[in-house]
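> Sequence unavailable; structure follows:
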DNA sequence: TCAAACTTTCAAAAATAATTGAAAGTTTTT
DNA sequence: AAAAACTTTCAATTATTTTTGAAAGTTTGA
């Protein structure tokens, strides 16, 4: 396969995969593009390569920066802004995990705690509801704590974790 | 909080959370409803409680069964079909993980392998592309293998894994 | 301070995804 | 074998999400 063809295929695939995971396709594509670019990339270049509008590029770059996985980079002597992606995969996974925990898991835990505090109702349905949501709370809490622990390692936690699991 | 209110809040929240994760809102809601229902639930009841059409209920129940996390249950003496959810959380997580691996991770690995096999081009950009996609391949492969290992435990792997991580 | 160079914002338009509902399909009962 | 009881399918509709592009905003350099 040729470089251009491969790069394109990678960007497209990453975009489609992002969609399935609830990530805006363009955002995933921009991220993919930056991941495999050695040099910082300008907004102009991103628009060009992905054939998207300026507004679209701007908003999705902002989104990626909010996730903490894309940074601005200034090229000396250049007026406009360039962008680079966090390329260290351990660091990338850590940031995504932490951000998802903050944005999604923590709020879900809050709701689970609230709803498992049903009072008064002694019906079997109600009892089962409380038991089930409590179990879910414990499970999600444990999973979230695991993410915390795992991302403390920082360096190559995935590899180290593999070692442990494999005995 | 009252039981009805709590149940409703749980179902709504789960639906919203599902959306963020790329899961059809109704599918997530049906799953939530079944998770906290002690008795098998009929399609009629699901339509009623979630205020959705028959077609919608039918298709999303099919989807949930394809994921292997909802089953048909026949009530003795009853003509119509009832549905129940996999309620064991370890089992649930295992099934979801395995299914996502099969549907999404495995195909992604395939593409990563393909695109990292760029040939001929000796430019710095091309070299960086190959290096980066290879790293990504290794990382994703390792993560996928971890899922395999972890789901082998079957019983309470999350708890056991926590023990290990916490030393 | 002004204007050029660039970025952000956001209402409107376009694209995508989900939902409906009625017809077609299936299974069970009489 | 026909009707009754139920489920599935899918073309059309509706809702949601994403994208555009031009105006407003910002920063830099003369």
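The structure has been received and is ready for your questions. In this text the structure is predicted, and so the values were computed from the model without any measurement. Residues are numbered from 1 along each chain as shown, chains lettered A, B, ... in the order given.

> any weak-confidence spans in chain A?
A:154, A:166-167 (pLDDT under 70).

> residues in it within reach of DNA strand C, list them.
Residues of chain A found near DNA strand C (Cβ under 7 Å from any atom of the strand) are A:19, A:42-44, A:54-55, A:58-59, A:61-62, A:79-81. For the C-beta atoms, the positions are set from N, CA and C on the backbone; glycine is no exception.

> mind redoing it with 6 Å?
A:19, A:43, A:54-55, A:58-59, A:62, A:79-81 (Cβ under 6 Å from any atom of the strand).

> Farthest-apart pair in those, please.
Spatial extent of these (Cβ to Cβ) is set by the pair A:19 and A:79 at 34.4 Å.

> Could you check which of these two has the larger neighbour count?
residue A:19 (15 against 6; other Cβ atoms under 10 Å in any protein chain shown).

> Can you list the neighbours in contact with the helix or strand that contains the more buried one?
If you go by DSSP states H and E, residue A:19 is part of helix A:3-20. The set of residues external to helix A:3-20 that reach it, using Cβ atoms under 8 Å, 6 or more residues apart in numbering or on different chains, is A:1, A:24-29, A:31-33, A:36, A:49-50, B:22, B:104, B:108, B:111-112, B:114-118, B:121, B:123, B:125-126, B:129, B:133.

> Restricted to helices, list those residues.
Residues of the contacts of helix A:3-20 located in helices (DSSP state H): A:25-29, A:31-33, A:49-50, B:108, B:111-112, B:114-115, B:125-126, B:129, B:133.

> Give me the subset of those residues that also touch DNA strand D.
A:25-26.

> Return the members of the ones in helices among the contacts of helix A:3-20 classed as buried.
A:25-29, A:31-33, A:49-50, B:108, B:111-112, B:114-115, B:126, B:129, B:133 (16 or more other Cβ atoms under 10 Å in any protein chain shown).

> so residue A:70 touches residue A:84, yeah?
Yes: if you go by Cβ atoms under 8 Å, residue A:70 and residue A:84 touch, sitting 7.1 Å apart.

> so which strand or helix has the residue of chain A at minimum distance from DNA strand D?
Closest approach between chain A and DNA strand D, counting by Cβ to the nearest atom of the strand: residue A:55, at 1.9 Å. Using DSSP H and E, residue A:55 sits within helix A:54-66.

> Tell me which residues are up against that helix.
A:24, A:26-27, A:30-31, A:34, A:43, A:46-47, A:50, A:70-72, A:83, A:85.

> how much space between residue A:69 and residue A:121?
Going from residue A:69 to residue A:121 by Cβ to Cβ, to the nearest Å gives 45 Å.

> oh, I was asking about residue A:66
42 Å.

> filter the contacts of helix A:54-66 to the buried ones?
Buried among the contacts of helix A:54-66 by 16+ other Cβ under 10 Å: A:24, A:26-27, A:30-31, A:34, A:43, A:46-47, A:50, A:70, A:83, A:85.

> before we move on, back to that, so the helix holding residue A:55 versus helix A:25-35, what angle?
Here the directions of helix A:54-66 and helix A:25-35 differ by 70 degrees (axes from the mean of the first three to the mean of the last three Cα atoms, to 10 degrees).

> I'd like the next helix or strand past helix A:54-66.
In N-to-C order, the element after helix A:54-66 by DSSP H and E is strand A:70-73.

> Run me through the strand neighbours of that following strand, direction for each.
Applying DSSP bridges, strand A:70-73 is found paired with strand A:82-85 (antiparallel).

> where's the strand it pairs with relative to the chain centroid, distance-wise?
17 Å (Cα atoms, centre = their mean, to the nearest Å).

> how about it, does it reach DNA strand D?
No: counting by Cβ under 6 Å from any atom of the strand, DNA strand D is not contacted by strand A:82-85; separation bottoms out at 13.5 Å.

> Residues touching that strand, excluding its own?
So strand A:82-85 is in contact with A:31, A:34-35, A:37, A:39-43, A:46, A:61, A:64, A:69-75, going by Cβ under 8 Å, 6+ apart.

> Tell me how many other residues surround the closest residue to residue A:27 other than its chain neighbours.
Leaving aside its sequence neighbours, residue A:27 sits nearest to residue A:60 (Cβ to Cβ, 6 or more residues apart in numbering or on different chains; 4.4 Å). By the criterion of other Cβ under 10 Å, residue A:60 has 22 neighbours.
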